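Participant: my questions concern the predicted model and sequence given below.
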Amino acid sequence: MKQYLSFSEEVKAAQEKGLPIVALESTIISHGMPYPQNVITAREVEQIIRDNGAVPATIAILEGQIKIGLSDEELEVLGNSSDVAKASRRDLAYLLATKQKGATTVAATMICAELAGIEMFVTGGIGGVHRGAETTMDISADLEELSQTNVAVVCAGAKSILDIGLTLEYLETKGVPVIGYKTNVLPAFYTRQSDFDVNFRADNPETVAEMLRTKWNLGLKGGAVIANPIPEADALDHDFITNIIEKALQEAEENGINGKQVTPFLLGKVKELTEGKSLVANIALVKHNAVVGSKIAVQLNK
């Protein structure tokens, strides 16, 4: 495994000292936001994790290795290059073997985090069952990964471009717990509300950490979704964002956009139609997730 994993000095030192570590994905840098906001946000999120008592480990594929923790230069490369592949489970081996650049999705980040011994992962929103999946079978690999990889994911719920009801059904079938952090309702990324309830509610980091440790001590494989609503001040109006997503979905269908291209297209179109408000909300929710994820990581580490 040593030939594939490369740890930054900060992460290496944290592991030697037994400090809590929080994994971060890199798709949000290369495919989720424009430059330079992507790199600025990545650095700010890393600092938030440090400020809350944990050590950040942004994960990516570079130079034939899985990088666990990135330097400033590597963040720049990811954020300002046009040849970075979006890497999920199926892509990892090929990108490593051919020494291509890869930004890890939720699924790939979970795999790499588990290989590196990291149990906590912070992201924006998880992938899920796309609308119309009953005919397209377009279901994110994130869900399958959550069912088999022992990494907990703090997110602002499922992306609101998805079929949230079917996403929850899939997670239930796979035995993945969905925990609402200080909420009974599953947040829908840009908004704090959806039409669906979470499985369990937890009002503090200690409860989440105790539940996760118990789960894994029992040998119950797989991760958990910790759904943390976007801060109220940053949330978008539910009806406003729903109408925009419907327009974006219609345009994606008309242009024959499918597979792994759907999410970047929809996020870009939503940003355009909200005149940038969705990007501001996206950055705010990721930062909020970093605070909560770090606090849970600290408790989990105890």
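Facilitator: Ah, there it is. Since the structure is predicted, the reported quantities are computational estimates derived from the model, not experimental observations.

Participant: buried ones in the lowest-mean-pLDDT helix or strand in the chain?
Facilitator: Least confident helix or strand, the chain: helix 262-273 with a mean of 82, by mean pLDDT, DSSP states H and E. By neighbour count on 16 or more other CB atoms under 10 Å, the buried set for helix 262-273 is 262, 263, 265, 266, 267, 268, 269, 270, 271, 273. C-betas here are computed from N, CA, C, even on glycine.

Participant: so can I have a markdown table of these showing distance to residue 170?
Facilitator: Converted to a markdown table, the buried residues of helix 262-273 look like this (distance: CB to CB, whole Å):
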| residue | distance to residue 170 |
| --- | --- |
| 262 | 17 |
| 263 | 17 |
| 265 | 22 |
| 266 | 19 |
| 267 | 21 |
| 268 | 26 |
| 269 | 25 |
| 270 | 23 |
| 271 | 27 |
| 273 | 28 |
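
Participant: so which of the residues you listed is the closest to residue 66?
Facilitator: residue 263 (22.2 Å; CB to CB).

Participant: next up, the contacts around that closest one.
Facilitator: 31, 127, 159, 161 (CB atoms under 8 Å, 6 or more residues apart in numbering).

Participant: now do the same contact list for the second one.
Facilitator: Taking CB under 8 Å, 6+ apart as the criterion, residue 127 is in contact with 105, 106, 107, 140, 141, 142, 143, 158, 159, 162, 263.

Participant: among those residues, which are in helices?
Facilitator: 106, 107, 141, 142, 143, 263 (DSSP state H).

Participant: in CSV, list those residues along with distance to residue 118.
Facilitator: Shown next, in CSV, are the ones in helices among the contacts of residue 127 (distance: CB to CB, whole Å):
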residue, distance to residue 118
106, 14
107, 15
141, 19
142, 17
143, 20
263, 24
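
Participant: residue nearest the centroid of the chain?
Facilitator: Centroid-nearest residue in the chain: residue 123, 3.0 Å away (criterion: CA atoms, centre = their mean).

Participant: could you measure from residue 243 over to residue 164?
Facilitator: 16 Å (CB to CB, to the nearest Å).

Participant: out of these two, which sits in the busier spot?
Facilitator: A count of neighbours by other CB atoms under 10 Å puts residue 164 above the other of residue 243 and residue 164, at 22 against 12.

Participant: list the residues that contact that one.
Facilitator: Counted by CB under 8 Å, 6+ apart, residue 164 has contacts 128, 157, 158, 186, 188, 194, 195, 196.

Participant: pick out the most distant pair among those residues.
Facilitator: For the contacts of residue 164, the maximum inter-member distance is 14.7 Å, found between 128 and 195 (CB to CB).

Participant: out of these two, which sits in the busier spot?
Facilitator: residue 128 (26 against 9).

Participant: which intervals of the stretch 1-150 of the chain have sub-threshold pLDDT?
Facilitator: The model of the stretch 1-150 of the chain has no residue with pLDDT under 70.

Participant: rewinding a little: what's the first helix or strand after the least confident helix or strand of the chain?
Facilitator: helix 277-301 (DSSP states H and E).

Participant: for that following helix, packing partners?
Facilitator: strand 21-24, helix 37-51, strand 120-122, strand 152-155, helix 205-217, strand 224-227, helix 262-273 (3 or more CB pairs under 8 Å, 6 or more residues apart in numbering; DSSP states H and E).

Participant: how about the nearest residue to residue 162, chain neighbours excluded?
Facilitator: Leaving aside its sequence neighbours, residue 162 sits nearest to residue 128 (CB to CB, 6 or more residues apart in numbering; 4.3 Å).

Participant: ok, now which ones touch the one you found?
Facilitator: Contacts of residue 128 (CB under 8 Å, 6+ apart): 139, 140, 142, 143, 158, 159, 162, 163, 164, 166, 167, 170.

Participant: can you do 7 Å?
Facilitator: Shown in contact with residue 128 (CB atoms under 7 Å, 6 or more residues apart in numbering): 140, 142, 143, 158, 162, 167.

Participant: most neighbours among those residues, which one?
Facilitator: residue 158 (31 neighbours).

Participant: buried stuff in the helix or strand in which residue 135 is found?
Facilitator: For residue 135, the host element (DSSP H and E) is helix 133-136. For helix 133-136, the neighbour count (16+ other CB under 10 Å) marks residue 133 as buried.

Participant: alright, I will stop here.
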